[in-house]
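**Student:** Provided below are the primary sequence and the corresponding predicted coordinates.
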Amino acid sequence: MSALAWAVLLCQVLFLSLLQVGGALTIAPDLHRLVVERLALLTDAQFAASIAIAQSCPGPNTLYVAAIGFQTAGVAGALAAQAAVLLPSSMIAIAVGRWGSARPDLKFLLAFKAGMAPVTIALLAAASWIIVAEAPGWRHVLLAAAAAVAVWRTRVHILWLMAVGAIAGALAWV
Amino acid sequence: MSAPPLPPAAPDATGSRRPGSPRELFVAFTLLALQGFGGVVVVAQRVLCEDKRWLSRAEFVELLSIGQVVPGPNVCNVALMLGDRFFGWRGALAALGGLLTVPFGIVLALVTVYARFAASPAIAGALRGMGAVSAGLIAGTALKLAQSLRTSPLGVPVCVALGAAAFVLVGLLRIPLAWALVVVGPAACGLAWRRVGGGVGPR
């Protein structure tokens, strides 16, 4: 690919950054269209592996973009892709955060915070539900329920809970 | 699992402390990112609200709400806004850098060895088990944060109704999250508008 083509790709990723409302994975279909279908820089399997790896690694899911960039153009590609996908959205987040904390008594913000709190919490519950529903089976649900109670009611370290899940899965109990 | 049960009221007291330096932010976010498999939000809530006490649960929900309606990964947005609140740009960079730097290296390392391990049934099983646990952890965190709704100006029944609507749209009907926010968000903020006392109206 020519330098110009890389620059165009980078600009497209910068633009996609602004469409990431609701989480990093919302733009995965657009990235797939770009990198796999249009430019054929990655295979379907490589793209799917990028998401699977980021989801099973510690750290935020947005790093699937680094995995895509890495398989496309090495470490420089990973850095460029990750920076491009985060830079525009980060500027907005900081600007909005500053705007909000400068006007803590603005009625609109009070209403936003009070109104969105139950929605935000319900969306966490929905995210959890979607993961469980993908792999049905009562033992799977039981493991998830046990983890939920443990993190809600006790101070057990989260890595212990993860280890229990990994062992149960590796031994094919779930 | 012998850890003592959580005292019910204590963790939500206040977000009364603050980090001493951007470096402390960087280290804290590095450590929490490294514990965050399949959803950093769970560890972020525990570390920021309960261990560090930099945020109350209600404040955490507030930041997450904003992080969700602006573009960008939710947890990254929370890190940026929290870091910026304490130390400006340097704090935002420190928090986001902590969240991303070490996991970035781990992801790249795993990409290079992935093909060799992807076929192993034990590893596929381990990932499946971790997926189940991470789903449970997210649900448990939602339950914990829901306790902060008791003091909501909306009142508990309205909160439950709004939450149920959001859950049905995204969890059961699988509507993209952005659309669900467009549908439920204005209704929720509109209801809250009439209930929040005081405040400064639009000028």
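**Tutor:** The structure has been received and is ready for your questions. Residues are numbered from 1 along each chain as shown, chains lettered A, B, ... in the order given.
**Student:** contacts, neighbours, all on C-alpha from now
**Tutor:** OK.
**Student:** mind showing which ranges of chain B have poor pLDDT?
**Tutor:** Across chain B, the ranges flagged by pLDDT under 70 are B:1-15, B:38, B:198-203.
**Student:** gap between the helix or strand harbouring residue B:32 and the chain center?
**Tutor:** Secondary structure from DSSP states H and E places residue B:32 in helix B:22-35. Averaged C-alpha coordinates place helix B:22-35 at 15 Å from its chain's average position (Cα atoms, centre = their mean, to the nearest Å).
**Student:** Show me what that helix is packed against.
**Tutor:** helix B:40-45, helix B:74-117 (3 or more Cα pairs under 8 Å, 6 or more residues apart in numbering or on different chains; DSSP states H and E).
**Student:** Verify the contact between residue B:142 and residue A:127 for me.
**Tutor:** No: with contact defined as Cα atoms under 8 Å, residue B:142 does not reach residue A:127; the gap is 10.1 Å.
**Student:** Skip the chain neighbours and tell me the closest residue to the residue positioned nearest the centre of chain B.
**Tutor:** In chain B, the C-alpha nearest the mean C-alpha coordinate belongs to residue B:41, at 3.4 Å (Cα atoms, centre = their mean). The shortest distance from residue B:41 to any non-neighbouring residue, by Cα to Cα, 6 or more residues apart in numbering or on different chains, is to residue B:75 (6.1 Å).
**Student:** Next up, the contacts around that neighbour.
**Tutor:** When contacts are counted by Cα atoms under 8 Å, 6 or more residues apart in numbering or on different chains, residue B:75 touches A:60, B:40, B:41, B:44, B:64, B:67.
**Student:** Highest neighbour count among these?
**Tutor:** residue B:67 (31 neighbours; other Cα atoms under 10 Å in any protein chain shown).
**Student:** Does that one lie in a helix or a strand, and which?
**Tutor:** Residue B:67 belongs to helix B:57-69, assigned by DSSP H and E.
**Student:** Quick one: distance of that helix to the chain centre.
**Tutor:** So, by Cα atoms, centre = their mean, the centroid of helix B:57-69 is 7 Å from its chain's centroid.
**Student:** I'd say residue B:37 and residue A:58 touch.
**Tutor:** Yes: taking contacts as Cα under 8 Å, residue B:37 lies within contact range of residue A:58: 4.4 Å.
**Student:** confidence score at the most centrally placed residue in chain A?
**Tutor:** The residue lying closest to the centre of chain A (Cα atoms, centre = their mean) is residue A:61, at 3.4 Å. Looking at residue A:61, its pLDDT reads 91.
**Student:** surely it meets residue A:26?
**Tutor:** No: using Cα under 8 Å, residue A:61 is not in contact with residue A:26; the gap is 11.1 Å.
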